[in-house]
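Asker: Sequence first, then the predicted structure, then my questions.
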Amino acid sequence: MNDLRTQAYPALSMYIGGRFIGADEREGQPVINPANGKTLGKLPHATKEDLDHAIASAQTAFETWRWSNPMNRSAILRRVAGMVRERAETLVLNITRDQGKPLAEARIEVAGAADHLEWHAEECRRIYGRSIPPRVPSVRQTVIRQPVGVCAAFSPWNFPLNQGLRKICAALGSGCTLILKPAEEAPSCMVAIAGMFEEAGLPPGVLNIVWGVPAEISDYLIRSPIVRKVSFTGSVPVGKQLAALAGAHMKRVTMELGGHSPVIICDDADIEKAATLLAAYKGLNAGQVCMSPSRFFVQEGVFDEFSELFVKAFASRTIGDGMEEGTLMGPLAHDRRVEAMTSIVADAVEHGATLLTGGARPEGPGSFFQPTVLGGVTDSAMIMREEPFGPVVPLTSFATVDEVLQRANSVPYGLASYAFTRSLERAHQITTRLEAGMVTINHFGLALPETPLGGVKDSGLGSEGGTETFDAYLTTKFISEQTVA
Ligand code: NAD
């Protein structure tokens, strides 16, 4: 471990048509360590010619890749999974350096990435069609599924490896080719992944990685008539913009957007377990997780007990550089997030909330924010309406399950949701009536490769993972054949 820590941060590059284009060949931007504000490396930006080259390479590669044997596609994904496991510690260190999460969390992300690759390697061999009984015996009716074509995808910085890989696995596994623009803030793992795919024998042009000004790249790629599908993970406003542009050009989309996940703690729940689990879960990636519980509804009879236990547990999440032993919560991705936290806390207090712990940026360098809990938050406060995406928790009480379901469903988001209860009846009511793409009771059971991840309402369209994972990358073709009598 100590030897690995001395490893230099890797050189960064794009990967287009099977060629790596380094930071010395293009204008670009610095990559900053959010724990100390220091520059780690330089990232090249794609020129318009680079984007044209990526589009042309993906188009040419599609003509071969679309007909490739699924066993071969599976073998490549599996080989990369092996490399991810072998090189895990290097990936981990560099994710902690450029994204900020503690090493232990980066290890979970890297292990999850290998799981995703392996699961897609298995599942891509099972992209089946079906046969439909005909009305006359001389006719045979079949439905086949074919890859959609060249895809463009945009992945965010909070899980820089997993969010990008979800899109790579689904596109490549289904026989599509891909131009991916991962997040510029935390690029090291995606450069490493491009190298692994090349080593694993992926033909040039099947996967292309570009960097640049996000809005410029997405606009250029989505308008290209060669790009047939768009996948984005990020905020609701940007997702709506990209989906509208894709819609104007009649392209399919997968949108994994923001959430504002309710967690409902009923008075019959194991309160100590709920408080302990939620403090750890909310602290993951300093709350910068689209599925992070972000509206805490606690039933009246147990509000004080939960509040006391939760505040104690959450306040004890030690913040610091993710590289340091003992750090439980790293920095936010950049200073914009720190400013956002400061303003949502001030707004909640103005709307009558009480600051129970935290609430400020600690002294010193880095984009840190204290684990923060607000009590007695009113539904009119900004934090109850807008996704906080950081380590700030609003607590509010409720009287009945009917009331809390109505309040939980009152925002336009519908991604993840959580509840703690020992009552089967309440669990059933909650899982059935919550407007969310995912509900989990008494634990956190989300985002596994074999389970679908996706939202409803403003939180998105389509699913990643689960057997649904390839759906948005495949077209459905109906074939009806009559034998010549
Ligand atoms: P931001 O909107 O500037 O950026 C968020 C992500 O979207 C970045 O990765 C960025 O590169 C990308 N992006 C932004 N505009 C884009 C465009 N026009 N085309 C393509 N990609 C674009 O905000 P930020 O301050 O960096 O992040 C905070 C917000 O981002 C949060 O409120 C949260 O909603 C959202 N976010 C969501 C997820 C998620 O997993 N759903 C992950 C990261 C960020």
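Answerer: Perfect, I can see it now.
Asker: for this structure, what's the longest helix?
Answerer: helix 103-123 (DSSP state H).
Asker: what helices or strands is it leaning on?
Answerer: Counting by 3 or more Cβ pairs under 8 Å, 6 or more residues apart in numbering; DSSP states H and E, the packing neighbours recorded for helix 103-123 are helix 70-86, helix 88-99, helix 162-173. Just so you know, the C-beta spots here come from the backbone N, C-alpha and C atoms, and that holds for glycine as well.
Asker: Relative to the ligand, which of those is closest?
Answerer: helix 162-173 (6.4 Å; Cβ to the nearest ligand atom).
Asker: Might you list the low-confidence residue ranges for the protein?
Answerer: Counting by pLDDT under 70, the low-confidence segments of the chain come to 1-3, 485.
Asker: now the helices for the stretch 101-250 of the chain?
Answerer: Taking DSSP state H, counting those that start in this stretch as the criterion, the stretch 101-250 of the chain carries its helices at 103-123, 162-173, 188-199, 214-223, 236-248.
Asker: From residue 43, how far off is the residue nearest to residue 230 when sequence neighbours are not counted?
Answerer: Spatially, and ignoring its direct neighbours in sequence, residue 230 is nearest to residue 246 (4.5 Å; Cβ to Cβ, 6 or more residues apart in numbering). Applying Cβ to Cβ, to the nearest Å, the value for residue 246 to residue 43 is 26 Å.
Asker: dump the residue contacts of the residue nearest the centre of the chain.
Answerer: The centroid of the chain falls nearest to residue 163 when counting by Cα atoms, centre = their mean (4.4 Å). Residue 163 makes contact with 155, 156, 182, 233, 256, according to Cβ atoms under 8 Å, 6 or more residues apart in numbering.
Asker: mind running it again at 7 Å?
Answerer: Residues near residue 163 by Cβ atoms under 7 Å, 6 or more residues apart in numbering: 155, 156, 233.
Asker: so the closest residue in space to residue 345 that isn't next to it in sequence, which of the three states?
Answerer: What sits nearest to residue 345 in space, not counting adjacent residues and going by Cβ to Cβ, 6+ apart, is residue 359, at 5.1 Å. Following DSSP: H, G, I helix; E, B strand; the rest coil, we place residue 359 in the coil state.
Asker: same question, the one 4 residues further on
Answerer: Taken by three-state DSSP, the conformation at residue 363 corresponds to coil.
Asker: okay, now it: neighbour count?
Answerer: Around residue 363 sit 6 other residues, with neighbours defined as other Cβ atoms under 10 Å.
Asker: what are the phi and psi values for it?
Answerer: phi -60, psi 150 (degrees, to the nearest 10).
Asker: list the contacts for the nearest residue to residue 88 once chain neighbours are set aside?
Answerer: Closest residue to residue 88 apart from its sequence neighbours, by Cβ to Cβ, 6+ apart: residue 110 at 4.7 Å. Contact partners of residue 110, counting by Cβ under 7 Å, 6+ apart, are 84, 88, 91, 92, 161.
Asker: any idea which of those residues has the most stuff around it?
Answerer: In terms of neighbours by other Cβ under 10 Å, those top out with residue 161 at 28 neighbours.
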